[in-house]
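Trainee: 3D model of this:
(one chain, ligands or ions: 1)
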Amino acid sequence: MRADDLFDDLPRTTSAGPEPALPPAGRIQVEYRDLQTPPENALCVISSGQAGGTAPLTIDLRLDRLDGPSAEVWYATGPTRAGREGIVRYAHDDELLVAVIEEDERAYGGIRSTAEKLYASMRQFQEHCGFPQLLRMWNYFDAINEGDGDAERYRQFCVGRALGLGSLGGKQLPAATAIGRQRTTHQLQMFWVAARSSGIAIENPRQVSAYHYPRAHGPVSPSFSRAMVAPDRTLLVSGTASIVGHVSQHEGNAHAQLAETLRNLATVTAHAGARHHTAHRQDLLKVYVRDATLVPMIAQRLREAYPGASPIFLAGDICRRELLLEIECVQSGFSPTLL
Ligand code: 3EB
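Mentor: Now for the predicted structure:
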């Protein structure tokens, strides 16, 4: 018997056929999935009001899930450790750390000072935790659009974030999401993914970098990058909305805002050099909508633009009042010659 015969039931790849099925490049493994069976080898489970099983770290977003899988699972590739240090809960394996801080704003006197305190705590933790490179951050808090002009809570959050980041604000900023809860929790929740070695921050040529937004959008520009190429080349794309330059587009028109958002996502991906994918291409999409009635229209359009993806839909307020939706994603499976 020839060795080849042992593999007769495997699909054959010819020069005219599909690309060879390379193993997924790198070690960031994320999945959007349901939790009927508890995930094995999880590092962290992120969901809204679902039991995370025995994961070393579980994070409850406290957003309403509207459609799609109920959880986001970051998998470990080896032994994990979990712990708590002051207000930071964390879990890590050999290469990746996930950590969360969630605190009641009323204990710190409002969103601005809470953001400053929590980001300062994050910075201090990051200085000695062994995973110094911030790749991705998420921020959730109540009533993000409450208050007028510079008093708007999102703008005040941005001020506190920049103060708390301190010297980290002058370094490569992580990709990020900032979303408003549509229920009252009083909690500022922030969590992050960090690595031992650095990623590469990516901007969007269609958009002014958020950290260069002009004064009209608030006293302090938002501290985030449009995307981060992780050390293993996984592309972590920030919350992306219908903004061109620094100006919101298509006020009141969800369909056009979605089209603009998809152009922004495609542009960031292309700008990262991620044009070609292997057979292991994976697009994880998470959609935040102000209004649940938008979900079927968006789901339909995403089935065309990202066949095979099964997006998570969550109810949330976007950081500018006129924006109706925002999409973040994790993209992997890029050809090794690119990125
Ligand atoms: C934008 O492009 C939309 O403040 O961390 C998206 C992602 C947005 C992250 C943040 C804000 C943030 O400006 C808003």
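
Trainee: Near the ligand, which residues of this structure? Just list them.
Mentor: Residues of the chain lying close to the ligand (C-beta under 6 Å from any ligand atom) are 139, 176-178, 210, 222, 224, 238-239, 241, 243, 319. The C-beta positions use only the backbone N, C-alpha and C, and glycine is treated the same way.

Trainee: Which two among those residues are spaced furthest apart?
Mentor: Largest separation among those by C-beta to C-beta: N139 and I243, giving 17.6 Å.

Trainee: For the closest residue to the ligand within the stretch 201-339 of the chain, give me its contacts.
Mentor: Residue of the stretch 201-339 of the chain nearest the ligand, by C-beta to the nearest ligand atom: G239 (3.4 Å). Residues in contact with G239 (C-beta atoms under 8 Å, 6 or more residues apart in numbering) are 176-179, 288, 326-328.

Trainee: Equivalent analysis for F313, please.
Mentor: Applying C-beta under 8 Å, 6+ apart to F313 gives the contacts 65-68, 287, 289, 295, 298-299.

Trainee: Apply 7 Å and report the result again.
Mentor: 66-68, 287, 289, 295 (C-beta atoms under 7 Å, 6 or more residues apart in numbering).

Trainee: average model confidence for stretch 181-200?
Mentor: Confidence for stretch 181-200, expressed as mean pLDDT, is 97.

Trainee: Just give the number of residues close to the nearest residue to F334 once chain neighbours are set aside.
Mentor: In this structure, F334 finds its nearest non-sequential neighbour in A274, 4.8 Å apart by C-beta to C-beta, 6 or more residues apart in numbering. The number of residues packed near A274 is 23, by other C-beta atoms under 10 Å.

Trainee: Model confidence for D4, exactly?
Mentor: 34.

Trainee: my bad, should have said P20
Mentor: 44.

Trainee: Mind giving me the packing neighbours of the strand or helix carrying Q189?
Mentor: Q189 is part of strand 187-195 when elements are defined by DSSP states H and E. Applying 3 or more C-beta pairs under 7 Å, 6 or more residues apart in numbering; DSSP states H and E, we find strand 187-195 packed against strand 96-104, helix 111-128, strand 133-142.

Trainee: Strand 187-195 and the last one, what's the angle between them?
Mentor: For strand 133-142 against strand 187-195, the angle between stretch directions is 170 degrees (axes from the mean of the first three to the mean of the last three C-alpha atoms, to 10 degrees).

Trainee: Summarise which helices and strands the next helix or strand after strand 133-142 is packed against.
Mentor: Following strand 133-142 in sequence order, the next helix or strand is helix 153-165 (DSSP H and E). Contacts defined by 3+ C-beta pairs under 7 Å, 6+ apart place helix 153-165 against helix 111-128.

Trainee: May I see the buried residues of the helix it packs on?
Mentor: 111-123, 125-126 (16 or more other C-beta atoms under 10 Å).

Trainee: can you check stretch 304-322 too?
Mentor: Counting neighbours by 16+ other C-beta under 10 Å, stretch 304-322 gives 306, 309-320 as buried.

Trainee: Which two among those residues are spaced furthest apart?
Mentor: Greatest spatial distance in the buried residues of stretch 304-322: S310 and R320, 27.8 Å, computed using C-beta to C-beta.

Trainee: Let me see the contact set for E326.
Mentor: Per C-beta under 7 Å, 6+ apart, neighbours of E326: 239-241, 288, 318.

Trainee: Of these, which belong to strands?
Mentor: 239-240, 288 (DSSP state E).

Trainee: same for the worst-scoring helix or strand of the chain on mean pLDDT, what does it pack against?
Mentor: Ranked by mean pLDDT, DSSP states H and E, the weakest helix or strand in the chain is strand 277-289, scoring a mean of 87. For strand 277-289, the packing partners by 3+ C-beta pairs under 7 Å, 6+ apart come out as helix 295-305, strand 312-315, strand 325-334.

Trainee: Could you pull out the buried residues of the longest one?
Mentor: Residues of helix 295-305 classed as buried under the neighbour-count rule (16+ other C-beta under 10 Å) are 295, 298-299, 302.

Trainee: of all those residues, which two lie farthest apart?
Mentor: Farthest pair in those (C-beta to C-beta) is V295 and L302. Separation: 10.2 Å.

Trainee: Give me the pLDDT for M1.
Mentor: For M1, pLDDT reads 35.

Trainee: Now the buried residues of stretch 304-322 in a markdown table, please, with extra columns for distance to R183 and pLDDT.
Mentor: Shown next, in a markdown table, are these (distance: C-beta to C-beta, whole Å; pLDDT from 0 to 100):
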| residue | distance to R183 | pLDDT |
| --- | --- | --- |
| Y306 | 29 | 95 |
| A309 | 27 | 94 |
| S310 | 25 | 94 |
| P311 | 22 | 98 |
| I312 | 18 | 98 |
| F313 | 16 | 98 |
| L314 | 12 | 98 |
| A315 | 9 | 98 |
| G316 | 10 | 98 |
| D317 | 11 | 98 |
| I318 | 16 | 98 |
| C319 | 17 | 97 |
| R320 | 20 | 98 |
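
Trainee: That concludes my questions; thank you for your assistance.
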